[in-house]
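Participant: Fold the following and give me the result.
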Amino acid sequence: MSSPVQSKVVLRVLGSLLSMFSITMLPPVVVGLIYQDGAILPFALSFVLTLATGLLLLWPVREHQATLRLRDGFVVVVMFWAVLSVFGGIPFLLSPELDLSVASAIFESVSGLTTTGATLIVGLDDLPHSILFYRQQMQWLGGMGIIVLAIAILPMLNIGGMQLYRAETPGVNKDKLTPRIAGTAKALWYIYLGLTTSCALAYYFAGMSVFDAIGHSFSTVAIGGFSTHDASIGYYESSTIEMIAVIFMLISGVNFALHFMVFRGLSNRRNRENKRLVFKSLSFKQYFQDEEFRVFMGLLFVLTIITSTYLYTTNTSGLSDSLIDGIFHVVSIGTTTGFTSAEYFNWPGFLPVLLLFASFVGGCAGSTGGGMKVIRVLLLFKQGQRELKRLLHPSANIMVKVGSRAIPNQTIDVVWGFFATYLALLAIMLLLLMANGLDQQTAFSAVVACLNNLGPGLGQVAANYSSLSDFSLTVLSMAMLFGRLEIFTLLVLFTPAFWKS
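Facilitator: Down below sits the predicted model:
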């Protein structure tokens, strides 16, 4: 009986990807040399170790040729993220300035690569530039998913990429953007790079240093939340910088398929007009024609009104500060970025919990945001509406629609399954953290913040996670991986049926 998973194919892909990932250790070395911070040795050693391991995995199976199947894709995605998180934590473990345990180093690595933004490192303002840059870079790479970059490169290795794409994003997906997945990945990366560059320039002209502008553009576009300062965006005390962050967090929280379609329309119009740029062809109507986008923006708008009004009426701050703080923190936490400019966890009444609940929705499908995704929450709501109508009209054939498109019942079942599994995992991890000694507020907010890839929580984890034990950090590392891989991709490997032929 043949194995359901082709181990040689998996090792070949994993070795190739790990070898390529080793290159990410080199930019921090360059940064360390520029700033002469004396902290480049951990990155140099990590580069050698990661590259050597990748080559050791790749070399014995380098001549093996076979088509990558769907099950292989699931294994590659999960193993790559798990192995990458371990190797990504080596520089943190080897850095004497940090003095982290193995569990702590892996936690920081997982947090960066999954764009969660939960940190246990304190004293960021005094750390070497190479370490600070590495943290920001990890979030940028994880933002679009290193696996997407691999999809663009794997065809050169004669390995199909569609299976990996399906394994990375199971469930509700937008229509394919281009006929080939490699072309799709490259197109998305161009948009991603363009947004990062624009964000960095905006931050720089708003008053950030070159280093901080680049670093914060990485974590903003990635919906990450890591900062080069302990006070996060609040370090700059600039409403201009906060509004720039809001703009790019909103853009990055939108489905990148919409960005692609809008800018593809611009490109096509330019070709028709003999390469003359016609800005009116950049039609923003396509955004508002998308129901998920409208719900996303509408929800953030309502939350902003509630938050700003409550801050003002409780005399927490003045009118302008209440408005700015409300907009910034609703967008930051609602998109699961996790930047802060004030101690929102000390705000009065229900606001901290309201914002934490907002992260359950998160960003749109196909964005760099976390959470359950707007489209799933929208489908759950519409399914609830349908069941109420069925109570009144039991024989009616009522369809669930998103826009003008009818959603198959099978997709609704997947969404319900995802929601039920999500809540079950949340409950299990909450109990594990409470059994480890954490209070209810800290345990609940930590699990929610990590499962939603948000970052900051409440209680002991409001500022950072440095007070948690290695056991709690390990549980939360798993939560971040579950959130990043949208639960089913990781959970399917634990089912007996997956390993049967």
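
Participant: helix/strand/coil for Gly366?
Facilitator: Reducing the assignment at Gly366 to three states with DSSP: H, G, I helix; E, B strand; the rest coil gives coil.

Participant: mind showing which ranges of the chain have poor pLDDT?
Facilitator: Scanning the chain for pLDDT under 70 picks out 1-3, 68, 146-184, 265-283, 501.

Participant: The stretch 51-200 of the chain: strands as residue ranges?
Facilitator: Secondary structure of the stretch 51-200 of the chain by DSSP state E, counting those that start in this stretch: no strands are present.

Participant: quick check, Ser227 in a strand?
Facilitator: No - secondary structure of Ser227 (three-state DSSP): coil, not part of a strand.

Participant: Run through the neighbouring helices and strands of the helix or strand where Val414 lies.
Facilitator: With elements taken from DSSP states H and E, the one containing Val414 is helix 409-435. Under the contact criterion of 3 or more Cβ pairs under 8 Å, 6 or more residues apart in numbering; DSSP states H and E, helix 409-435 touches helix 374-392, helix 440-451, helix 470-484, helix 488-491. To be clear about C-beta, it is placed using only N, CA and C from the backbone, and glycine gets the same treatment.

Participant: so what's Thr335 closest to, chain neighbours aside?
Facilitator: With sequence-adjacent residues excluded and distances taken as Cβ to Cβ, 6 or more residues apart in numbering, Thr335 is closest to Gly253, at 3.9 Å.

Participant: What is the neighbour count of the one you found?
Facilitator: By other Cβ atoms under 10 Å, 26 other residues sit near Gly253.

Participant: what does Leu430 give?
Facilitator: Burial of Leu430, expressed as a neighbour count using other Cβ under 10 Å, amounts to 21.

Participant: Next, the buried residues of the helix holding Val414.
Facilitator: Going by neighbour count (16 or more other Cβ atoms under 10 Å), the buried part of helix 409-435 is 411-412, 414-415, 418-419, 422, 425-426, 429-430, 432-433.

Participant: if we can go back for a sec, can I assume the residue nearest to Thr335 is in contact with Gly366?
Facilitator: No - using Cβ atoms under 8 Å, Gly253 and Gly366 do not qualify as a contacting pair, with a distance of 10.5 Å.

Participant: Go through stretch 463-481 and flag the buried ones.
Facilitator: With burial defined by 16+ other Cβ under 10 Å, the residues of stretch 463-481 counted as buried are 463-465, 468, 472-481.

Participant: Please apply the same query to stretch 225-242.
Facilitator: For stretch 225-242, the buried set under the neighbour-count rule, 16+ other Cβ under 10 Å, comprises 225-228, 230-236, 238-239, 241-242.

Participant: if I look at the closest residue in space to Leu433 that isn't next to it in sequence, how far off is Ile106?
Facilitator: Taking Cβ to Cβ, 6+ apart as the measure, Leu433 lies nearest to Ala443, with 3.9 Å between them; neighbours along the chain are not counted. Counting by Cβ to Cβ, to the nearest Å, the separation of Ala443 from Ile106 is 20 Å.
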